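Enquirer: Give me the fold of what follows.
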Amino acid sequence: MYVVAQFHAKPGCEQALSECLLAVVEPTRAEPGCLEIHLSRALRDQATFFIQSAWADEGEFEKHAGLPHTKTFLTRVPQWIDHEVRAVRCARLA
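Expert: Numbers count the residues shown, from 1 in each chain. Got it, this is the predicted structure:
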């Protein structure tokens, strides 16, 4: 299972958002159910970031959602983005 999330920083919040995203990626990478996780930044819009992750199964992602570093992230990130947090669960087609 894959999860993709997009984040768009409020003007002037790009650095704070980047730091917050980096802070959640490292402990997530160490979780046993996380097969891989990547943080990207759009080349043509420096305010847009993406997290792409692969999980052993949905249960492992559910465990991730309840961990302290994830909960802290979800309480902190809204102050720096101009939209609601949305993560989309995906299945590979090809």
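Enquirer: quick one, strands of this structure?
Expert: Using DSSP state E, the strands of the chain run over residues 2-8, 34-41, 48-55, 87-90.
Enquirer: Can you list the strands that the third one pairs with?
Expert: According to DSSP bridges, strand 48-55 has the following sheet partners: strand 2-8 (antiparallel), strand 34-41 (antiparallel).
Enquirer: pLDDT of the longest one, averaged?
Expert: So the one you mean is strand 34-41. Predicted confidence along strand 34-41 averages 98 (mean pLDDT).
Enquirer: now swap in stretch 55-64 and tell me
Expert: pLDDT averaged over stretch 55-64 gives 96.
Enquirer: Go through that stretch and flag the buried ones.
Expert: 55, 61, 64 (16 or more other C-beta atoms under 10 Å). All C-beta spots, glycine's among them, are computed from the backbone N, C-alpha and C.
Enquirer: what about the first one, distance to residue 77?
Expert: Just to be clear, that refers to residue 55. 20 Å (C-beta to C-beta, to the nearest Å).
Enquirer: rewinding a little: now the strands of the chain in JSON lines, with distance to residue 69?
Expert: Shown next, in JSON lines, are the strands of the chain (distance: least, C-beta to C-beta, whole Å):
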{"stretch": "strand 2-8", "distance to residue 69": "15"}
{"stretch": "strand 34-41", "distance to residue 69": "12"}
{"stretch": "strand 48-55", "distance to residue 69": "13"}
{"stretch": "strand 87-90", "distance to residue 69": "15"}
